[in-house]
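> Model the following, please.
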Amino acid sequence: MSGHDVAIVGAGSAGLLLGCLLAQRGLDVVVLERRSEPQGGSRAIGIHPPGLRALDRAGIGAHVRDQAVAIRAGVAMSRGRELGTLRFDASPIRSLPQHRTEALLRQRLEALAPDALRTGAGVTGIDPGDGAVGLGLADGGAVEARWVVAADGVRGQLRGMLGIGRTALPGEAHYAMADGPDRTGLPHAAALHIEPGGIVESFPLVHGGRRWVARLDGPGDGMAAAGLRAVVAARIGDEPPIVDEAPVSAFVARQRLADAFARGRVALLGDAAHELSPIGGQGMSLGWLDAAALEEALLRAIATADEAPVEAWARARRAAARRAMRRAAWNMRMGAPCSPARLAARTALVRALATPPASTMLAASFTMRGL
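Presented below is the predicted three-dimensional model:
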């Protein structure tokens, strides 16, 4: 059995960032990933200013800025009319596919600690032990570490192995999304169409692409590109340029919060701790903020042989996740299908929020200040 300062279970965006941060500080860290190959597909794209600062700390922020598209504004529309524009030129949100950001993190971790990432290493059991935490692996091997971080995602097993439950918070709905070329004339702006049938959102992607997201009135499993085009066209009066071959990703946006973010010498990180609605795109950056704060807490805990710093981290980051979920739940309510009367009230509210001083507070919410 090999011993480490910290074992991180899961090589997603949060686990990789924490691995880089800890390796930079001279800790012996191992990152265990059950998959043998990196995950691709259509996932998160939004990198918010606080998350980018965390990536700066890991040494890849400049690469992200070079590769990403800067989203400098959000334009709200309804029935073909512009309701208002929020600008965040000073602190833009970056758009970069998650798999590309994770590739940069893996490269950075390889440079810092060449043997830290172990792929094909599924964790099948955990033993808190007395002096260290033991992890059993699917191949029959084992890993021992002073601290373990569960960054194994929404469907990860470690949270359940520790007996930590989850609580459902408000906010659940069905959506579908697909990517295509950008012909909106808004290369650096997100567009939010607030319509009676439900919201349609679109976001710029790298290389002149655009992601389209539509709220559905039920599960979208099996939806083809033509079906999503028809939903969008019926609401905004214009068919998005999504080719028939484009894969459509249907998903349920829901919110779940772990009842505790730490137990003993095991901490939950990112999606393992909080399943945040992707409407608003803040889940990935929230996981990075968790990781940046956990770096400092683990350094203090290891130096003092005391669990108190991680316990304090767990309380603070759980409170931050609650705040993020309240914001996400509001976003989802604003995008729900509605009657003409409710739509009129909603669009009037959006107009009011898009003017100072309310626009300053709303821009702060969209760029994740205070989390």
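
> how is the chain carved up into domains?
Domain assignment for the chain by automatic domain parsing gives 2-71+95-166+256-332, 169-253+334-366.

> Which parts of the stretch 201-350 of the chain are strands?
Here the stretch 201-350 of the chain has its strands, by DSSP state E, counting those that start in this stretch, at 209-216, 249-258, 262-263, 266-268, 274-275.

> Ok, which of those comes nearest residue 9?
For the strands of the stretch 201-350 of the chain, distance to residue 9 was read as C-beta to C-beta. The smallest value, 9.3 Å, belongs to strand 266-268. To be clear about C-beta, it is placed using only N, CA and C from the backbone, and glycine gets the same treatment.

> Need the contact partners of that closest one.
For strand 266-268, contacts defined as C-beta atoms under 8 Å, 6 or more residues apart in numbering pick out 126, 128, 133, 147-150, 158-159, 162, 164, 258, 260-262, 294, 298, 310, 313-314.

> per-residue confidence at residue 1?
At residue 1, the predicted lDDT confidence score is 45.

> about what we covered before: export the strands of the stretch 201-350 of the chain to TSV and tack on distance to residue 344, mean pLDDT and mean neighbour count?
Formatted as TSV, the strands of the stretch 201-350 of the chain follow (distance: least, C-beta to C-beta, whole Å; pLDDT from 0 to 100; neighbours: other C-beta atoms under 10 Å):
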stretch	distance to residue 344	mean pLDDT	mean neighbour count
strand 209-216	19	96	23
strand 249-258	25	94	19
strand 262-263	47	96	24
strand 266-268	43	98	27
strand 274-275	33	95	25
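
> so can I have TSV of those strands showing distance to residue 78?
Converted to TSV, those look like this (distance: least, C-beta to C-beta, whole Å):
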stretch	distance to residue 78
strand 209-216	14
strand 249-258	21
strand 262-263	44
strand 266-268	40
strand 274-275	30
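
> among these, which is nearest residue 184?
When those are compared by C-beta to C-beta, strand 209-216 sits nearest residue 184, at 6.5 Å.

> what's that closest one packed up against?
strand 166-181, strand 200-204, helix 225-236 (3 or more C-beta pairs under 8 Å, 6 or more residues apart in numbering; DSSP states H and E).

> what are the pairing partners of it, and which direction each?
Strand pairing for strand 209-216, using DSSP bridges, gives strand 166-181 (antiparallel), strand 200-204 (antiparallel).

> List the contacts of it.
42, 45, 173-184, 198-205, 228, 231-232, 235, 240, 242, 250, 279, 335-337.

> Repeat that for stretch 339-355.
The set of residues external to stretch 339-355 that reach it, using C-beta under 8 Å, 6+ apart, is 76, 78, 83-86, 194-196, 334, 338, 358-359, 362.

> Buried ones among those?
76, 78, 83-84, 86, 194-195, 334, 338, 359, 362 (16 or more other C-beta atoms under 10 Å).

> I'd like to know which helix or strand in the protein has the lowest mean pLDDT.
helix 358-366 (a mean of 85; mean pLDDT, DSSP states H and E).

> by contact count, what packs against it?
strand 81-87, helix 340-353.

> Can you check what angle separates that helix from helix 340-353?
Interaxial angle, helix 358-366 versus helix 340-353 (axes from the mean of the first three to the mean of the last three C-alpha atoms, to 10 degrees): 100 degrees.

> what is the orientation angle of helix 358-366 with strand 81-87?
For helix 358-366 against strand 81-87, the angle by the same axes, to 10 degrees is 70 degrees.

> Tell me where the model's unsure across the chain.
Under the criterion pLDDT under 70, the flagged ranges of the chain are 1-2, 41-42.

> so what does the lengthiest helix in the chain touch, helix or strand wise?
Using DSSP state H, we find that the single longest helix of the chain is helix 308-334. Here helix 308-334 touches strand 166-181, strand 249-258, strand 262-263, strand 266-268, strand 274-275, helix 283-304, going by 3+ C-beta pairs under 8 Å, 6+ apart.

> Reformat the ones you listed as a markdown table; add distance to residue 13.
Shown next, in a markdown table, are those (distance: least, C-beta to C-beta, whole Å):
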| stretch | distance to residue 13 |
| --- | --- |
| strand 166-181 | 18 |
| strand 249-258 | 17 |
| strand 262-263 | 20 |
| strand 266-268 | 15 |
| strand 274-275 | 14 |
| helix 283-304 | 5 |
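
> Which one of these lies nearest to residue 31?
helix 283-304 (11.9 Å).

> That closest one packs against which elements?
Judged by 3+ C-beta pairs under 8 Å, 6+ apart, helix 283-304 is in contact with strand 2-9, helix 13-24, strand 46-47, helix 49-58, strand 142-150, strand 274-275, helix 308-334.

> and the nearest residue to residue 371 once chain neighbours are set aside, how far is that from residue 155?
Distance criterion C-beta to C-beta, 6 or more residues apart in numbering; nearest residue to residue 371, sequence neighbours excluded, is residue 320 at 5.0 Å. In this view, residue 320 and residue 155 are 23 Å apart by C-beta to C-beta, to the nearest Å.

> ok, the two, which is more surrounded?
The neighbour count for residue 320 versus residue 155, taken as other C-beta atoms under 10 Å, is higher for residue 320 (18 against 10).

> I figured the more buried one was touching residue 285, is that so?
No. The pair residue 320 / residue 285 is not scored as a contact, 11.4 Å apart, by C-beta atoms under 8 Å.

> what about the residue nearest to residue 368 when sequence neighbours are not counted, distance to residue 210?
Closest residue to residue 368 apart from its sequence neighbours, by C-beta to C-beta, 6+ apart: residue 48 at 4.3 Å. Separation of residue 48 from residue 210 (C-beta to C-beta) stands at 19 Å.
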